[in-house]
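*Asks:* Need a 3D model of the following:
(2 chains)
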Amino acid sequence: MTETTTPKRGVSLWVQIVIWAFIVGLLALVGVTLSKRQQGTVQPGDEIPDFTLPLFSGYEYEGRSEVSLSEFRGKVVVLNFWASWCKPCEQEAAELEEAWRTYKDSGQVVFLGADYVDTEPEARAYLRKFDITFYNGPDMGTRISQLFRIRGVPETYFIDPDGVLYYVKVGPFLSVDEIKSVIEQKLP
Amino acid sequence: MKKLSNILILALVLTGLLISPVFAQDDMPTDDEVNAIAKQLYCPVCENTPLDVCPTEACRQWRELIRLQLSEGKTEEEIKQYFVDNYGARVLSEPPRTGLNWLIYILPPVFILAGAFILFRSFQAWTKPRAVEADSGPGEEAGSTSQKDEYIARLEDELKNRK
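*Replies:* Next comes the predicted model:
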């Protein structure tokens, strides 16, 4: 009986280590990306990292063309994501403006509008149409919406005076009272 | 005579009014020119749908913005850069070659090369045992043939003896 033998010439150890490290790294990257995508929006209780919102001309804050979240420590911040092409945003536009006018003189509440994936001429037309006066600007590079991991517009985030998120509204508000009831939770 | 000249002036003015909109239209970029840029962009709202064929209102606005910028004399690169600045690099159909984006460009060729290497090694593994067999084969075959011949010879002898 004849024995047939194949000469064993395996891949060297360091090549195997590199290949396995590469595969594990790739899987980790895919895993992290998928888990981030499935995380959903930021959750109540999360401290919101600082961000800067550039403002449309005519919507400046104390004469400045951009604002940072950190400037509003000690105030309730209502951050609304919207877009001119978004029909549900129109349902709550008047309510948001009315709520803003209720609180703007108190100095305890700030409304910020982040215009998501929009063009400036249409955004301005929308702001004029609904007579919106609170601070508004484009979400440049979709950086802020990515920070909040928004799923669509409209979405509104309520941040307490300590910079901690305490309420998230996905979709349009149905009434001014709904907005006020959320704000009042954090007012003295 | 004066009446005729008035009519001529009026005719010229009217002709001018008729012609001017034609000049304005000529200056406006065509849909093809707009779509040539739009197809290189993706709106973040409608993932996986190129801007040139996306039916949403947001994408229509973007196409109009491209048209406006083209009419202002901006180049393709300037327009794409405007969209990247305003909406992020993810709007580009071809991601910029920076940071982790390099993986998109490096991994496919690496996988193809690795696949080719594995295939090559597999072919080697399939062909080598046969070669070893082939090496040892002829000797064995010769031996067995000679044994067989002896056996046949003996068998024939036996048969002859019986006769």
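*Asks:* Report the secondary structure state of A:Ser84.
*Replies:* Following DSSP: H, G, I helix; E, B strand; the rest coil, A:Ser84 is assigned to coil.
*Asks:* Hmm, it is touching A:Asp118, no?
*Replies:* Yes - A:Ser84 lies in contact with A:Asp118 (C-beta atoms under 8 Å); the separation is 5.3 Å. The way it works is simple: take the backbone N, C-alpha and C, and place the C-beta from them, glycine included.
*Asks:* Who has more neighbours out of those two?
*Replies:* Set side by side, A:Ser84 and A:Asp118 show more neighbours around A:Asp118, with 26 against 22, by other C-beta atoms under 10 Å in any protein chain shown.
*Asks:* sorry, back to before: which neighbours do A:Ser84 and A:Asp118 have in common?
*Replies:* Residues touching both A:Ser84 and A:Asp118 (C-beta atoms under 8 Å, 6 or more residues apart in numbering or on different chains) are B:Gln61.
*Asks:* Would you state the helices of chain A in chain order?
*Replies:* A:13-38, A:87-103, A:120-129, A:143-148, A:176-184 (DSSP state H).
*Asks:* Show me the one of those helices that comes nearest B:Pro96.
*Replies:* Nearest to B:Pro96, of all the helices of chain A, is helix A:143-148, at 16.3 Å by C-beta to C-beta.
*Asks:* what packs against the closest one?
*Replies:* strand A:76-82 (3 or more C-beta pairs under 8 Å, 6 or more residues apart in numbering or on different chains; DSSP states H and E).
*Asks:* Using CSV, list the CA coordinates for the strand it packs on.
*Replies:* Extracted in CSV, the C-alpha atoms of strand A:76-82 (Å, rounded to 0.1, in the frame of the first residue of the first chain):
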residue,chain,number,x,y,z
VAL,A,76,-34.6,75.6,29.8
VAL,A,77,-33.6,75.1,26.1
VAL,A,78,-36.2,73.9,23.6
LEU,A,79,-34.4,72.7,20.6
ASN,A,80,-36.7,72.1,17.6
PHE,A,81,-35.5,70.3,14.4
TRP,A,82,-37.6,71.3,11.4
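*Asks:* Would you pull up how far that strand lies from the middle of the chain?
*Replies:* The chain centroid and the centroid of strand A:76-82 are separated by 9 Å under C-alpha atoms, centre = their mean, to the nearest Å.
*Asks:* in its sheet, what does it sit against?
*Replies:* Counting by DSSP bridges, the strands paired with strand A:76-82 are strand A:109-115 (parallel), strand A:155-159 (antiparallel).
*Asks:* Kindly reformat the helices of chain A as a markdown table containing mean pLDDT.
*Replies:* Shown next, in a markdown table, are the helices of chain A (pLDDT from 0 to 100):
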| stretch | mean pLDDT |
| --- | --- |
| helix A:13-38 | 86 |
| helix A:87-103 | 97 |
| helix A:120-129 | 95 |
| helix A:143-148 | 94 |
| helix A:176-184 | 98 |
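*Asks:* In JSON lines: the ones you listed, plus distance to B:Thr49 and mean neighbour count.
*Replies:* Output for the helices of chain A, formatted as JSON lines (distance: least, C-beta to C-beta, whole Å; neighbours: other C-beta atoms under 10 Å in any protein chain shown):
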{"stretch": "helix A:13-38", "distance to B:Thr49": "19", "mean neighbour count": "10"}
{"stretch": "helix A:87-103", "distance to B:Thr49": "19", "mean neighbour count": "18"}
{"stretch": "helix A:120-129", "distance to B:Thr49": "20", "mean neighbour count": "16"}
{"stretch": "helix A:143-148", "distance to B:Thr49": "19", "mean neighbour count": "17"}
{"stretch": "helix A:176-184", "distance to B:Thr49": "34", "mean neighbour count": "16"}
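*Asks:* got TSV for the ones you listed, with distance to B:Pro108 too?
*Replies:* Formatted as TSV, these follow (distance: least, C-beta to C-beta, whole Å):
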stretch	distance to B:Pro108
helix A:13-38	13
helix A:87-103	40
helix A:120-129	38
helix A:143-148	26
helix A:176-184	49
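*Asks:* Next one: A:Arg73, what pLDDT does it get?
*Replies:* A:Arg73 is assigned a predicted lDDT (pLDDT) of 96.
*Asks:* That one contacts A:Val164, doesn't it?
*Replies:* No - A:Arg73 is not in contact with A:Val164 according to C-beta under 8 Å; the separation is 10.8 Å.
*Asks:* residues from chain B in reach of chain A?
*Replies:* Residues of chain B lying near chain A by C-beta under 8 Å from any C-beta of the partner chain: B:43-45, B:56-58, B:61-62, B:64-65, B:84-88, B:90, B:100, B:103, B:107, B:125, B:128-129, B:132-133, B:136, B:140.
*Asks:* So which residue is smack in the middle of chain B?
*Replies:* For chain B, the residue nearest the mean C-alpha position is B:Glu94 (10.5 Å; C-alpha atoms, centre = their mean).
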